[in-house]
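Engineer: coordinates for the following, if possible.
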Amino acid sequence: MHDKDLAIEILLQIETAAQKLLSRYPDVDWKKAKGMRDIITHHYADIHADTVFFTCEKKIPMLLDTIKKIIKDLKAGPSS
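Structural biologist: Numbers count the residues shown, from 1 in each chain. Alright, predicted model coming up:
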């Protein structure tokens with residue numbers, strides 16, 4: 001296997017692991033979060049300030065709580 005092929009394989013494994021991890025935390029709409037990131041990154045002209053403000057005000061606190069729970073769960077290790 002070439003270095004590029006190995007790198008792609010590793011990235012695919014990371015993506016699969018991330019999807020499995022995030023699926024354990026359905027309180028966050030991960031698809032919408034990724035979609036907003038895509039719009040902010042690639043479609044800057046399509047950003048609606050009210051939507052960004054709403055997200056920051058209403059959604060980010062819940063996301064932060066979920067991220068703290070993910071960190072806590074990862075530190076605790078696999079559940080039996």
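Engineer: and residue 25, which of the three is it?
Structural biologist: Secondary structure, DSSP: H, G, I helix; E, B strand; the rest coil: residue 25 is coil.
Engineer: so how far is residue 57 from the nearest residue to it once chain neighbours are set aside?
Structural biologist: Across the structure, with C-beta to C-beta, 6 or more residues apart in numbering as the measure, the residue nearest residue 25 apart from its sequence neighbours is residue 66 (5.2 Å). In this view, the C-beta of every residue, glycine as well, is placed from N, C-alpha and C. Between residue 66 and residue 57 the distance is 17 Å, computed by C-beta to C-beta, to the nearest Å.
Engineer: of the two, which one has the most company?
Structural biologist: Summary of the neighbour comparison: residue 66 and residue 57, criterion other C-beta atoms under 10 Å, with residue 66 having more neighbours (16 against 9).
Engineer: now name the helix or strand holding the more buried one.
Structural biologist: helix 60-76 (DSSP states H and E).
Engineer: report the buried residues of that helix.
Structural biologist: By 16 or more other C-beta atoms under 10 Å, the buried positions in helix 60-76 come out as 63, 66.
Engineer: now stretch 26-42
Structural biologist: Under the neighbour-count rule (16+ other C-beta under 10 Å), stretch 26-42 has 28, 30, 36, 39 buried.
Engineer: the third one and residue 9, how far apart?
Structural biologist: Spelled out, it's residue 36. Going from residue 36 to residue 9 by C-beta to C-beta gives 29 Å.
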